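J.: My questions are about this predicted structure, shown below with the sequence.
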Amino acid sequence: MSDSEAENTLKQWAVPIFILFVLLFGLFGWSLFHDKDIVPKMREHKPLPEFQSKKLFSDQIIYSKDIRGEYWMLNFWGSWCPTCYVEHPYLMQLKSQGVKIVGVNYKDTEKDAKRFLDSQGNPYAFSFFDPKGKIAIEMGVTAAPETFVIGPKGKVVYHRIGEMTKEIFTQEIQPIMQGES
Amino acid sequence: MSMINKALLPIFFVIIMTSAWSSDELLEFDSKAQEERYLQLIEELRCPKCLNQSIADSNAGISEDLRNLVYEKIKAGDTDKEIRLYLSERYGDFILYKPDVSGANLLLWFGPIVIILMVFIMVVLKIKSKARDAAKPTEMSDSELERVQKLLNESSSSQQGKSK
């Protein structure tokens, strides 16, 4: 290799090496500093998976494909879950505002679920009964409460891990439902 | 009566403890290999609700459900790869203690090696280029040549003068 060829090779490689170096450090930095304790929302922006279960307090089998046609909130709840008691009044408020909510009664018994709804009110159009957490795993849920927003065509457009609050609804969910994002 | 109670109490305690301990141990496998696969997989899967525990170590509800799911899938004939894929589609690479070497992970695995190689090649090329520069005869400018010639002339004329 002549001197000029070697110099040219050096010049050709310097820029790609620099870019790769910056990219790698960026990736390392992002991996180190982003919040690793939060499970990624793998179902967000994807079609709602197919699942079915017994309807809570009924023998009827209901299907995920029943949740179509308009925006629905899909809320995982359980009578054993303290945060579900905290968010429940706001779900009741949303129901009174006309927001459609479907429940998934998660790792619970029908007896306890009934006691919960009788005392706290029932914001759900209907609830899936998921005592063994099968639907929860299908949706990538780790605990209750978690809430998904399902679009009119059956796409999961939003996933909230944790309590549903007025701030979250007005700032993050309402714009989606109004077609602003 | 109280003596009977005292005698029965440890027995009840042992029965309760044994039943609690064995609730997770009642799994039946078709073979020893299948059982070993189950035990290894639940050690390799991270509890999505915990800070840093495998689903084998965690008592969280979700870990119990995931252990049951792994058991059912192994019994149904799914491979380890299929089970890992199924779970990573729902919980991301977060759930895998040993993520696959694919996608963005390829860059993390092989990026540093590629950079080291490229830098090594660059250093070798630079050293070679410097060595060639050093070995090259130095070229002089016209003014420098003129000056050298002048100095040589001066030196030879002064030597001639001394010899006379």
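T.: Structure's in. What do you need?
J.: excluding its backbone neighbours, what's nearest the most centrally placed residue in chain B?
T.: For chain B, the residue nearest the mean C-alpha position is residue B:109 (6.2 Å; Cα atoms, centre = their mean). Leaving out its chain neighbours, the residue that sits closest to residue B:109 by Cβ to Cβ, 6 or more residues apart in numbering or on different chains is residue B:101, at 5.3 Å. The way it works is simple: take the backbone N, C-alpha and C, and place the C-beta from them, glycine included.
J.: give me the number of residues near that neighbour?
T.: 10 (other Cβ atoms under 10 Å in any protein chain shown).
J.: element containing it?
T.: Per DSSP states H and E, residue B:101 falls between elements, in no helix or strand.
J.: So what's the predicted local confidence for it?
T.: On pLDDT, residue B:101 comes in at 71.
J.: still on that earlier bit, can you mark which positions in the host helix or strand of the residue nearest to the centre of chain B are buried?
T.: Assessed by DSSP H and E, residue B:109 sits inside helix B:104-135. Residues of helix B:104-135 classed as buried: B:111, B:118, B:125, B:129 (neighbour count, 16 or more other Cβ atoms under 10 Å in any protein chain shown).
J.: ok, now stretch A:21-39?
T.: For stretch A:21-39, using 16+ other Cβ under 10 Å, the buried residues are A:24, A:39.
J.: what sits up against it?
T.: A:140, A:142, A:161, B:48, B:51, B:91-92, B:94-95, B:104, B:107-108, B:111-112, B:115 (Cβ atoms under 8 Å, 6 or more residues apart in numbering or on different chains).
J.: quick one: whichever strand or helix holds residue B:161 to chain centroid distance?
T.: Using DSSP H and E, residue B:161 sits in helix B:142-163. In terms of Cα atoms, centre = their mean, to the nearest Å, the centre of helix B:142-163 is found 70 Å from the chain centre.
J.: returning to that earlier point: who are the packing partners of the helix holding residue B:109?
T.: Applying 3 or more Cβ pairs under 8 Å, 6 or more residues apart in numbering or on different chains; DSSP states H and E, we find helix B:104-135 packed against helix A:3-33.
J.: Give me the mean pLDDT for the helix holding residue B:109.
T.: 80.
J.: any idea of the angle it forms with helix A:3-33?
T.: Put simply, helix B:104-135 runs at 150 degrees to helix A:3-33, going by axes from the mean of the first three to the mean of the last three Cα atoms, to 10 degrees.
J.: neighbours of residue A:144, just the number please.
T.: Neighbours around residue A:144, by other Cβ under 10 Å: 26.
J.: actually residue B:157, sorry about that
T.: 10.
J.: low pLDDT regions in the chain?
T.: I'll assume chain A. A:1-6, A:34-37, A:180-181 (pLDDT under 70).
J.: if you could check chain B rather than the one you did, that'd help
T.: Ranges of chain B meeting pLDDT under 70: B:1-25, B:102-105, B:137-138, B:162-164.
J.: Could you list the residues of chain A in contact with chain B?
T.: Within chain A, the positions lying close to chain B (Cβ under 8 Å from any Cβ of the partner chain) are A:1, A:3, A:6-7, A:9-10, A:13-14, A:16-17, A:20-21, A:23-24, A:27-28, A:31, A:36-37, A:39-40, A:42-43, A:107, A:132-134, A:136-143.
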